[in-house]
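*Asks:* Quick one, structure for this:
(one chain, ligands or ions: 2)
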Amino acid sequence: MRPAYDDPRTTDQPITRAPPPPRGPGHRPGEEPLTEHLVDPDVPRDLHAFIAGLPKAELHVHHVGSASPRIVSELAARHPDSKVPSDPEALADYFTFTDFAHFIDVYLSVVDLIRTPEDVRLLTYEVARDMARQQVRYAELTITPFSSTRRGIDEGAFMDAIEDARQAAEAEFGTVLRWCFDIPGEAGLESAEETVRLATDDRLRPEGLVSFGLGGPEIGVARPQFKPYFDRAIAAGLHSVPHAGETTGPQTVWDALTDLRAERIGHGTSSARDPELLAHLAERRIPLEVCPTSNIATRAVRTLDEHPIKEFARAGVLVTINSDDPPMFGTDLNNEYAVAARLLGLDERGLADLAKNGVEASFLDAPGKARLADEIDTYTARWLAS
Ligand SMILES: O=C(O)c1cccc(C(=O)CC[C@H]2O[C@@H](n3cnc4c(=O)[nH]cnc43)[C@H](O)[C@@H]2O)c1
Ligand SMILES: [Zn+2]
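*Replies:* Ligands and ions are numbered 1, 2, ... in the order given. As a prediction, this is how the structure comes out:
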């Protein structure tokens, strides 16, 4: 199959400076553009338009947390006993969080809507459609298989559902998906054992699986206890990408690096409080998966202007931009790039470099990285020449 990031539907299309409708291959006639409500008045419309067409990689985005209001209402209609509102308007209120713990409660109520392999397939395929509409060419999607298997979904059927959706998404939308299986840390070591078993059993392990993570609340969930599970996942060839320093201090990031042998850090927000840690991340080129709007929505950071992304960039840390749980946080990846442009004062070239950071930090193979980086360069050069 032709690599998705060579797709002529996007590389050959005329580039215009008028804000184009952000319509990627996943767009369906009559559908609203995804980002219309997210135009930041402090970012020139031209730059929004550039971002909308910019080919991108996304490295930190959760499966269930990517369910759009349309997907949630479809699932809620299938399972009317759920407390999740099926009316997309009511969802905006439902997705307003008082703190991180409240966010996890709401998150788990949406997890409760995913009850059958067909629900899993629908969610995965539709999430890929939404990504394609934002010119996401490659995404590493964090999936928590424990949450589904403990709720009674057959493990083999679960793997078949995500793989079926992955193949359909690549063929139909040109978006390449890969999986990160994460341990929901607060669910204890039983969940760690189950996650590593699902990730390393040759009869179950899905072809798209590339990495192993650790999510959920950090307070009271020390990273070092998960070392044996990460050791097994790493021995089986998986990359280590735990969340750390999202809601706790820099020591959690150190623990993730030393005990879990993290190759990238999910969030890493509190790293900014430790200059030695920043220098270490920069020197070793350990990327941070930065998700600015998420940090505000979960109240990990007070305001966007106080977000430490500037300190990361100043210290020379490899910053990647991600959306985490976009509909739950009222954002999408394009908006996160616009936020980064504003906070870091980036123009088109700066944004293209940011997109290439995502490619560099990804687990694509070398030819795949080169193709996607080339596509970003070609797009940018044509945009600037027009
Ligand atoms: O599924 C269960 O039964 C269960 C039981 C106890 C605890 C949990 C969790 O803690 C699940 C948390 C869930 O949250 C996901 N997630 C999404 N966004 C974030 C984030 O920004 N930071 C950390 N975790 C996040 C994560 O993938 C976990 O699956 C579940
Ligand atoms: Zn996350």
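*Asks:* phi, psi of residue 378?
*Replies:* Phi and psi for residue 378, reported as degrees, to the nearest 10, are phi -60, psi -50.
*Asks:* The chain should start at 160 in everything you say after this.
*Replies:* New numbering, starting at 160: the last item is residue 537.
*Asks:* Could you check how many residues crowd around it?
*Replies:* Per other Cβ atoms under 10 Å, the neighbour tally for residue 537 reads 13. For glycine as for every other residue, the C-beta is placed from the backbone atoms N, C-alpha and C.
*Asks:* same check, this time on residue 260
*Replies:* By other Cβ under 10 Å, 13 other residues sit near residue 260.
*Asks:* Which strand or helix spans it?
*Replies:* Assessed by DSSP states H and E, residue 260 sits inside helix 259-270.
*Asks:* That helix close to ligand 1?
*Replies:* Yes - residues of helix 259-270 are located near ligand 1 by Cβ under 6 Å from any ligand atom, namely 263, 266-267, 270.
*Asks:* buried ones in that helix?
*Replies:* 259, 262-263, 265-266, 269-270 (16 or more other Cβ atoms under 10 Å).
*Asks:* Take the residues of helix 259-270 next to ligand 1 and lay them out in JSON lines including pLDDT.
*Replies:* Shown next, in JSON lines, are the residues of helix 259-270 next to ligand 1 (pLDDT from 0 to 100):
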{"residue": "263", "pLDDT": "95"}
{"residue": "266", "pLDDT": "95"}
{"residue": "267", "pLDDT": "96"}
{"residue": "270", "pLDDT": "97"}
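*Asks:* Show me the two of those that sit farthest apart.
*Replies:* 263 and 270 (10.0 Å; Cβ to Cβ).
*Asks:* mind listing the helices for the stretch 310-459 of the chain?
*Replies:* 314-332, 348-359, 386-394, 409-417, 434-443, 451-456 (DSSP state H, counting those that start in this stretch).
*Asks:* Out of the ones you listed, the one nearest residue 205 is which?
*Replies:* Per Cβ to Cβ, nearest to residue 205 of those: helix 451-456, 21.2 Å.
*Asks:* Check what contacts the helix holding residue 260 and list those residues.
*Replies:* Applying Cβ atoms under 8 Å, 6 or more residues apart in numbering, the contact partners of helix 259-270 are 223-224, 226, 231, 241-243, 253-254, 256, 303, 306-307, 310, 345, 375-376, 405-406, 456-459, 484, 487.
*Asks:* Narrow those to those in strands?
*Replies:* Assigned to strands by DSSP state E, none of these qualify.
*Asks:* Find me the pLDDT at residue 174, would you?
*Replies:* We have a pLDDT of 32 for residue 174.
*Asks:* picking that back up, show me which of the contacts of helix 259-270 are buried.
*Replies:* 223-224, 226, 231, 241, 243, 253-254, 256, 303, 306-307, 375-376, 405-406, 456-457, 459, 484, 487.
*Asks:* And for residue 540, the neighbour number?
*Replies:* By other Cβ under 10 Å, 14 other residues sit near residue 540.
*Asks:* same thing with residue 524?
*Replies:* Residue 524 is flanked by 9 other residues according to other Cβ under 10 Å.
*Asks:* Counting neighbours, which bits of stretch 491-504 end up buried?
*Replies:* Across stretch 491-504, burial judged by 16+ other Cβ under 10 Å covers 491-503.
*Asks:* Could you do stretch 453-471 as well?
*Replies:* Buried, per 16+ other Cβ under 10 Å, within stretch 453-471: 453-457, 459-460, 466-468, 471.
*Asks:* Just list the residues touching residue 507, thanks.
*Replies:* 206, 209, 539, 542-543.
*Asks:* and with 10 Å instead?
*Replies:* By Cβ atoms under 10 Å, 6 or more residues apart in numbering, residue 507 lies in contact with 205-206, 209-210, 213, 500, 538-540, 542-543.
*Asks:* Among the residues you listed, which ones are in strands?
*Replies:* Using DSSP E, none of these sit in strands.
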